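1. Need coordinates for the following:
(chains A, B, C and D)
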There are 2 protein chains.
Amino acid sequence: MDAVFKALADPTRRKLLDRLHAQNGQTLNALCGRMDMTRQAVTKHLAILEGANLVATVRKGREKEHYLNPVPIGEIADRWIGKYERGHLKALADLKRSLEREDP
Amino acid sequence: MDAVFKALADPTRRKLLDRLHAQNGQTLNALCGRMDMTRQAVTKHLAILEGANLVATVRKGREKEHYLNPVPIGEIADRWIGKYERGHLKALADLKRSLEREDP
DNA sequence: TTGACATGCAACCAAATGGTTGCATATTAG
DNA sequence: CTAATATGCAACCATTTGGTTGCATGTCAA
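-> The predicted model follows:
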């Protein structure tokens, strides 16, 4: 799970996910379009996304298609973010109460 | 929002959030307990969490209380993760279909 | 078959990151 | 008042990260 968080931490990688979300199965060259960095840099980012299981690839001849796998993101939402969401209102209430207790 | 993702990328910082989730308003020293790193390292992590607006602090005399702010996490869930969640089943179907089209 | 095209691999580099140590400051307890 | 306690600040260090360049390999098309 740490790998997923780390993968999501970089804006370039989030943009890549966005692109795949907009159009799935894009090739490496396609993903490089308007990415103002070298193809090799994009390759590295995609490798990290693949390592986090956020992207799956299929070799098609001399091309490589990239597919978004949203499952790990869903798991983070369920198992980690959900925990904080549930405490949402309570935490804010706690904070408010604490700040109001400000009488030195 | 980038700051939030970056802040969440580190396991130590996620652990700190967990601790505050378990017990809100803890002091710096309290948060250092069983953190096998120096107080100064923890301070830096808390500063990053504060910079991402995930933690709010209140100075109480010579102590500093730390409060979890779950709002940014909720925003990420809503505005970013939700987008992928909605495409969840569709994306998996696309992937499956694509893999089945494997006949060279 | 041969050249163009898509990708892979590796060495290298600067900057960011996560951690340390050492010392300064401010508050509270005795 | 004074000593202990809680935190702040800054310099320094090793490793990781995000990027580059250069070259190798594999596949398709003419």
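2. For residue A:63, give the beta-bridge partners.
-> residue A:60 (DSSP bridges).
3. in terms of contact, does it touch residue A:27 like I think?
-> Yes - with contacts counted by Cβ atoms under 8 Å, residue A:63 reaches residue A:27, the gap being 4.7 Å. All C-beta atoms are positioned from the backbone trio N, CA, C, and that covers glycine.
4. what residues does chain A put near DNA strand D?
-> A:6, A:9-10, A:12, A:37-38, A:40-41, A:44-45, A:48, A:60-62 (Cβ under 7 Å from any atom of the strand).
5. Low-confidence regions, chain A specifically.
-> A:87-104 (pLDDT under 70).
6. now the helices for it?
-> A:2-8, A:11-22, A:28-32, A:39-51, A:71-76, A:82-86, A:88-100 (DSSP state H).
7. Tell me which residue of chain A lies closest to chain B.
-> Closest contact between chain A and chain B, by Cβ to the nearest Cβ, is at residue A:9 (3.5 Å).
8. Distance-wise, check that residue relative to residue B:63.
-> Applying Cβ to Cβ, to the nearest Å, the value for residue A:9 to residue B:63 is 31 Å.
9. okay, these two: which has more neighbours?
-> residue A:9 (18 against 12; other Cβ atoms under 10 Å in any protein chain shown).
10. tell me the phi and psi of the more buried one?
-> phi -70, psi -20 (degrees, to the nearest 10).
11. check contacts around it.
-> Taking Cβ atoms under 8 Å, 6 or more residues apart in numbering or on different chains, we find residue A:9 in contact with B:5-6, B:8-9.
12. Kindly report the same for residue A:39.
-> By Cβ under 8 Å, 6+ apart, the neighbours of residue A:39 are A:28-29, A:32.
13. hmm, stretch A:5-15 touching DNA strand C?
-> No - figure legend: stretch A:5-15 not in contact with DNA strand C (Cβ under 7 Å from any atom of the strand); closest approach 8.3 Å.
14. Tell me the buried residues in that stretch?
-> Using 16 or more other Cβ atoms under 10 Å in any protein chain shown as the burial criterion, the residues of stretch A:5-15 that qualify are A:5-10, A:13-14.
15. for that stretch, the distance to its chain's centre please.
-> For stretch A:5-15, the separation from the chain centroid amounts to 5 Å (computed by Cα atoms, centre = their mean, to the nearest Å).
16. cool, stretch A:70-84 as well?
-> 11 Å.
17. Using CSV, list the CA coordinates for it.
-> The C-alpha atoms that make up stretch A:70-84 are tabulated as CSV, following Å, rounded to 0.1, in the frame of the first residue of the first chain:
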residue,chain,number,x,y,z
PRO,A,70,-8.3,1.6,-10.3
VAL,A,71,-8.5,-1.2,-7.8
PRO,A,72,-5.6,-0.1,-5.5
ILE,A,73,-7.0,3.4,-5.4
GLY,A,74,-10.4,2.0,-4.4
GLU,A,75,-8.7,0.0,-1.6
ILE,A,76,-7.0,3.1,-0.3
ALA,A,77,-10.3,4.9,-0.3
ASP,A,78,-12.1,2.1,1.5
ARG,A,79,-9.5,1.0,4.0
TRP,A,80,-7.6,4.2,4.8
ILE,A,81,-9.5,7.3,3.8
GLY,A,82,-12.9,5.9,5.0
LYS,A,83,-11.5,5.6,8.5
TYR,A,84,-10.9,9.3,8.6
